[in-house]
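>>> I would like to see how this sequence folds:
(one chain, ligands or ions: 2)
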Amino acid sequence: MAQASGMLGDGSKAVKVHHLVKAPENSADSVRIRESWDATEPATVYKTPEILPDGTPCTAATVIFRTRGCVWWWKSGCTFCGYFNDVRDDVTADDLFAQWEESKRRLDDFEGCSMVKVYTSGTFFEDRENPPEWQEAILKETHERDLHLVIEAQAQMCTPEKLAWVAERHPGCTVAIGLEAYDDTVLRFHVNKGFSTKQWHRSIDMLRENGLRVKTYLLFKPPFMSEGDALQHTSKWISQVAPLSDDVSVNPMNIQKRTIVERLFRNREYRPPWLWSLVEMLEQVHDDVLRAGARIIVHPTAGGRIRGAHNCGACDMDIVAAIERYSVSGDIGEFAGLDCDCKRVWRTEVDNDLSLPTPLGTGVDRRGSPVDLARAP
Ligand code: SF4
Ligand SMILES: [Zn+2]
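Ligands and ions are numbered 1, 2, ... in the order given. Take a look at the predicted model:
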């Protein structure tokens with residue numbers, strides 16, 4: 001009896017597994033890395049091919065700012081998110097304005113661009129993360145210059161007042177929300193997202209009421225999920241969220257530094273998704289997404305590398321290129337004729353995942369010859 005009540009706890013607040021294994025964000029090393037950043041320079045800037053809301057191909061500039069970082073991360077944080085590695089907790093409004101000027105300098109003042117994506121490693125319009133005067137300046141300047149703006153937010157940060165404020169300064173801009181999974185259990189136990197599907201629905205209703213565009217990010221293969229389940233679930237989620245979104249962007253898991261997912265990966269308990277799964281997923285959902293009038297985008301970050309979505313190593317670059325082309329052309333014919341010996345290995349893994357009682361999957365955690373893998377210590 002004593003033992004049983006011990007297992008049930010002593011009445012004190014339960015400790016979440018997430019907090020026990022959370023990345024050591026304030027270790028000397030981690031702080032040193034963060035403080036080595038120059039707060040007046042953006043984390044990254046680059047240009048990519050994109051599509052405007054009316055379907056016209058264009059060039060988009062992406063600016064990733066160094067900010068104070070995501071409020072949710074400092075409180076708890078998503079299991080896969082390594083954005084905190086790029087932030088500084090002492091960034092000022094002056095620093096952010098300096099980063100914007102420096103970004104424009106590096107991007108030739110957006111020469112040839114019709115779209116700008118402003119990413120802040122958190123919620124763009126969250127006042128604890130970013131000073132309101134800076135938010136206002138970015139919204140207004142991009143609107144005045146006729147640049148379509150894409151910003152990111154967490155669902156619970158979307159309030160009627162704030163969205164009306166944003167829509168007044170940059171009408172019709174796109175707000176991207178990292179929903180990750182259209183499933184409350186996965187959100188809670190696999191992703192630790194900090195909001196529910198109900199909150200997401202509320203936020204997209206508010207975005208629509210304010211005439212803003214909705215972009216939805218989904219995460220392919222969160223931790224503690226097999227390859228087969230990831231394929232099945234994500235395909236279903238895409239079909240469910242596409243009718244409610246203008247764009248659906250699926251992010252295949254990549255291992256970011258000092259995250260919970262990295263710990264699992266180092267422990268050989270997690271393998272990033274197969275590129276074949278992404279191809280199969282796109283083939284499964286293509287018609288549904290078209291019918292819904294949405295667009296689906298997949299950019300496999302670190303695609304073909306061990307820390308990103310990958311196959312056997314020999315076919316990776318061809319598959320990544322086809323996925324990237326599909327994200328711009330929307331033409332399912334991009335995948336015609338792709339093949340490799342490793343496709344059979346992948347297919348067997350997915351079939352086994354879906355027929356055997358192994359919730360964490362049946363696949364091996366590394367690519368390479370199965371004999372070598374079995375011999376490895
Ligand atoms: S809400 Fe976004 S920025 Fe914040 S911890 Fe999650 S993924 Fe990272
Ligand atoms: Zn291959």
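>>> what about residue 187, how many residues close to it?
For residue 187, the number of neighbouring residues by other C-beta atoms under 10 Å comes to 22. Yep, even glycine has a C-beta here, placed from its N, CA and C like the rest.
>>> Next up, phi/psi of it, please.
With angles defined as degrees, to the nearest 10, residue 187 sits at phi -60, psi -40.
>>> what's the spacing between the residue nearest to it when sequence neighbours are not counted and ligand 1?
Spatially, and ignoring its direct neighbours in sequence, residue 187 is nearest to residue 193 (4.4 Å; C-beta to C-beta, 6 or more residues apart in numbering). According to C-beta to the nearest ligand atom, to the nearest Å, residue 193 and ligand 1 sit 7 Å apart.
>>> Ligand 1 contacts on the protein?
Taking C-beta under 6 Å from any ligand atom as the contact definition, the chain meets ligand 1 at 70, 72, 73, 77, 78, 81, 83, 121, 122, 154, 178.
>>> please redo it, this time with the cut-off set to 8 Å
By C-beta under 8 Å from any ligand atom, the residues of the chain that approach ligand 1 are 69-73, 77-78, 80-81, 83-84, 121-123, 152, 154, 178, 180, 191, 193-194.
>>> out of those, which are inside strands?
Judged by DSSP state E, the subset of the residues of the chain next to ligand 1 located in strands is 152, 178, 180.
>>> Looking at these, which is nearest ligand 1?
residue 178 (5.1 Å; C-beta to the nearest ligand atom).
>>> Can you give me the distance of the closest one to residue 122?
Going from residue 178 to residue 122 by C-beta to C-beta, to the nearest Å gives 10 Å.
>>> and the residue nearest to residue 187, how many residues sit next to it?
Applying other C-beta under 10 Å, we find 28 residues neighbouring residue 193.
>>> which residues touch it?
Shown in contact with residue 193 (C-beta atoms under 8 Å, 6 or more residues apart in numbering): 78, 178, 179, 180, 181, 187.
>>> Minimum pLDDT in those, which residue is that?
Minimum pLDDT for those is recorded at residue 78 (94).
>>> is it true that that one touches residue 194?
Yes - at 7.4 Å, residue 78 and residue 194 qualify as touching, with contact defined as C-beta atoms under 8 Å.
>>> Contacts for stretch 303-313, please.
220, 252-255, 265, 272-278, 300-302, 316-317, 319-320, 323, 340-342, 345-346, 366-367.
>>> same thing but at 6 Å, please
If you take C-beta atoms under 6 Å, 6 or more residues apart in numbering as the criterion, stretch 303-313 is touched by 252, 254-255, 272-275, 300-302, 316-317, 320, 342, 367.
>>> and these, which of them are in helices?
With DSSP state H as the criterion, helices contain 275, 316, 317, 320, 342 from among the contacts of stretch 303-313.
>>> what's the neighbour count on the first one?
Burial of residue 275, expressed as a neighbour count using other C-beta under 10 Å, amounts to 31.
>>> Test my guess that it contacts residue 319.
Yes - here residue 275 reaches residue 319: they are 4.2 Å apart, a contact under C-beta atoms under 6 Å.
>>> Can you tell me which of the contacts of stretch 303-313 are classed as buried?
Buried subset of those (neighbour count, 16 or more other C-beta atoms under 10 Å): 252, 254-255, 272-275, 300, 302, 316, 320, 342, 367.
>>> ok, those vs ligand 1, which is closest?
Each of those was checked against ligand 1 using C-beta to the nearest ligand atom; the closest is residue 254, at 12.5 Å.
>>> if I pick that closest one, what's in contact with it?
Applying C-beta under 6 Å, 6+ apart, the residues near residue 254 are 301, 302, 307, 308.
>>> Repeat the analysis, applying 7 Å as the threshold.
Residue 254 is in contact with 272, 301, 302, 307, 308, counting by C-beta atoms under 7 Å, 6 or more residues apart in numbering.
>>> on that earlier part again, I'd like to know which of the contacts of stretch 303-313 is nearest to ligand 2.
Nearest to ligand 2 among the contacts of stretch 303-313, counting by C-beta to the ion, is residue 342 at 3.3 Å.
>>> Show me where the stretch 251-377 of the chain has its helices.
Counting by DSSP state H, counting those that start in this stretch, one finds helices in the stretch 251-377 of the chain at the ranges 260-266, 275-291, 316-329, 342-355, 370-375.
>>> As JSON lines, those helices with distance to residue 336 would be great.
As requested, the helices of the stretch 251-377 of the chain are exported to JSON lines (distance: least, C-beta to C-beta, whole Å):
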{"stretch": "helix 260-266", "distance to residue 336": "33"}
{"stretch": "helix 275-291", "distance to residue 336": "10"}
{"stretch": "helix 316-329", "distance to residue 336": "9"}
{"stretch": "helix 342-355", "distance to residue 336": "14"}
{"stretch": "helix 370-375", "distance to residue 336": "29"}
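>>> Now do the strands in the chain.
Using DSSP E, strands in the chain cover 44-51, 57-64, 115-119, 148-153, 174-180, 213-220, 247-252, 295-298.
>>> Now the first one - C-alpha only, PDB.
Once side chains and other backbone atoms are set aside, the C-alpha atoms of strand 44-51 remain, and they are given as PDB (Å, rounded to 0.1, in the frame of the first residue of the first chain):
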ATOM      1  CA  THR A  44      20.900  35.100 -41.500                       C
ATOM      2  CA  VAL A  45      19.600  36.700 -44.700                       C
ATOM      3  CA  TYR A  46      19.000  35.000 -48.100                       C
ATOM      4  CA  LYS A  47      16.800  35.000 -51.200                       C
ATOM      5  CA  THR A  48      14.700  32.100 -52.500                       C
ATOM      6  CA  PRO A  49      12.200  31.500 -55.300                       C
ATOM      7  CA  GLU A  50       8.600  31.900 -54.000                       C
ATOM      8  CA  ILE A  51       5.000  32.300 -55.100                       C
END
